[in-house]
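> For reference, the sequence and a predicted model appear below.
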Amino acid sequence: MDEGGKFISGIVPPKELSDPAWWFIFQENKLLIYQKTESIILPFLMDLNELDLSVLRQNYLGKLNNHHCYACEAVDGTTPPAGMTFEGLRQVYGRLDEDLFWIAARAVQIVDWDRTHEFCGRCGVPLKLKTTERAKECPQCNLLHFPRLAPAIIVLVERGQELLLARSRHFLPGMYSVLAGFVEPGESLEEAVVREVKEEVGVDIKNIKYFGSQPWPFPHSLMIGFTATYASGEISLNDSEIEDAGWFTVNKLPRIPGKISIARKLIDGFLAKQGSIFED
Ligand SMILES: [Zn+2]
């Protein structure tokens, strides 16, 4: 997938700005936006002082189409400047330019990492930002602290004309999706795919193929997508997280996840193979 395709990541900010930059400003993981009825606009400024706002944790992100991008956090309790508001990322998806959305997804994770990694986990002294890579280093013991990323597999299992969908207890009413789960230490991605499907619905699979990946900033996952075909076994729900699962055909689909997600891209890929589309 090409999220943020025109974006070049960077660590060291320019000495000064000669053009306006994009500012991704968060408060409790909500993004500061200009309030408009349909589309959303972000601060695009030479100088953050143009906004009536106190910020901290300013991190340079890189360049989008040659415009510098910064992430920072508004000081707790700050009220948004006139005409602006803080909104959750899920709520801004579809109304914010797609490239900017995926940089916001990156920015929220970097600000969160900066906030939650102030001190060394080994010796407790304040950490220093590195300038050669996105990491912090302990000046006392040299331990490196990288932004947290939790890899998770997500897999669409097909059986002829049918696909396997399941419902988590936490989903919206009526919503079904493909199976997903976190990768365990020491496990390959393919092993995680086989284990998750077996654990969650008791089915064996084969022909595991890589599909694509997607950052998922809620709060810091990397979703790695696969397709697989059914091999054997009957559906049995062994995982208390899953309340229902079944085989569905294209013309009898339940409610499925929105277009933001790789889950939906996997399902849309299966539908396309069957010559079908799902209107949202
Ligand atoms: Zn240390």
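Everything's here; your move.

> Make sure Ala272 is indeed in a strand.
No. Looking at Ala272 with DSSP: H, G, I helix; E, B strand; the rest coil, it is helix, so not inside a strand.

> Can you check what pLDDT the model gives it?
pLDDT for Ala272: 93.

> Return the distance of it relative to Ile153.
22 Å (Cβ to Cβ, to the nearest Å). The way it works is simple: take the backbone N, C-alpha and C, and place the C-beta from them, glycine included.

> do Ser168 as well
In terms of Cβ to Cβ, Ser168 sits 15 Å off from Ile153.

> quick revisit: neighbour count winner among Ala272 and Ile153?
Ile153 (26 against 11; other Cβ atoms under 10 Å).

> in this protein, which helix has the most residues?
In the chain, taking DSSP state H as the definition, the longest helix is helix 98-116.

> contacting residues for the residue positioned nearest the centre of the chain?
Central residue check for the chain by Cα atoms, centre = their mean: the C-alpha nearest the mean position is that of Trp216, 1.4 Å away. By Cβ atoms under 8 Å, 6 or more residues apart in numbering, the contact list for Trp216 reads 105, 152, 222-223, 261-262.

> Using PyMOL, define a selection of the buried residues within those residues.
Buried subset of those, written as a PyMOL selection, criterion 16 or more other Cβ atoms under 10 Å:
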select buried, resi 105+152+223+261+262
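
> just checking: which of the contacts of Trp216 also lie near the ion?
Here nothing survives when those are matched to the ion using Cβ under 5 Å from the ion.

> show me the contacts for Phe270.
Phe270 neighbours (Cβ under 8 Å, 6+ apart): 156, 158, 163, 227, 250.

> quick revisit: the contacts of Trp216: which two are farthest apart?
Ala105 and Ala152 (15.0 Å; Cβ to Cβ).

> Can you give the distance from the helix or strand hosting Val193 to the centre of its chain?
Per DSSP states H and E: Val193 is located in helix 189-201. Remark: helix 189-201 is offset 21 Å from the chain centroid, using Cα atoms, centre = their mean, to the nearest Å.

> And for stretch 18-34?
Distance, centroid of stretch 18-34 to centroid of chain: 18 Å (Cα atoms, centre = their mean).

> cool, stretch 34-42 as well?
That offset, for stretch 34-42, works out to 22 Å (Cα atoms, centre = their mean).

> Which residues does that stretch contact?
Outside stretch 34-42, the residues touching it (Cβ under 8 Å, 6+ apart) are 22-24, 31-33, 43, 83-85, 87, 92, 95-96, 100, 104.

> Buried ones in that stretch, by neighbour count?
40, 42.

> repeat for stretch 74-92
74, 78, 80, 84, 86-87, 89, 92.

> sorry, back to before: after the longest helix of the chain, heading C-terminal, what element do we hit next?
Past helix 98-116, the next helix or strand by DSSP H and E is strand 128-129.

> show me the contacts for Gly81.
Careful, residue 81 is Pro and not Gly. Taking Cβ under 8 Å, 6+ apart, one finds 51-53 in contact with Pro81.

> between those, which is closest to the ion?
Leu53 (33.2 Å; Cβ to the ion).

> from memory the closest one sits against Cys72, does it?
No. Counting by Cβ atoms under 8 Å, Leu53 does not reach Cys72; the two are 9.3 Å apart.

> So for those two, which residues contact both of them?
In contact with both Leu53 and Cys72: Ile25, using Cβ under 8 Å, 6+ apart.

> picking that back up, in a markdown table: the buried residues of stretch 74-92, plus secondary structure, pLDDT and distance to Val203.
Shown next, in a markdown table, are the buried residues of stretch 74-92 (DSSP: H, G, I helix; E, B strand; the rest coil; pLDDT from 0 to 100; distance: Cβ to Cβ, whole Å):
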| residue | secondary structure | pLDDT | distance to Val203 |
| --- | --- | --- | --- |
| Ala74 | strand | 95 | 47 |
| Thr78 | coil | 89 | 50 |
| Pro80 | coil | 93 | 48 |
| Met84 | strand | 93 | 49 |
| Phe86 | strand | 94 | 43 |
| Glu87 | strand | 94 | 39 |
| Leu89 | helix | 91 | 33 |
| Val92 | helix | 88 | 37 |
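
> Next, format the residues you listed as JSON lines and append distance to Leu129.
Listed next are the buried residues of stretch 74-92 as JSON lines, based on distance: Cβ to Cβ, whole Å:
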{"residue": "Ala74", "distance to Leu129": "20"}
{"residue": "Thr78", "distance to Leu129": "23"}
{"residue": "Pro80", "distance to Leu129": "27"}
{"residue": "Met84", "distance to Leu129": "28"}
{"residue": "Phe86", "distance to Leu129": "25"}
{"residue": "Glu87", "distance to Leu129": "28"}
{"residue": "Leu89", "distance to Leu129": "24"}
{"residue": "Val92", "distance to Leu129": "28"}
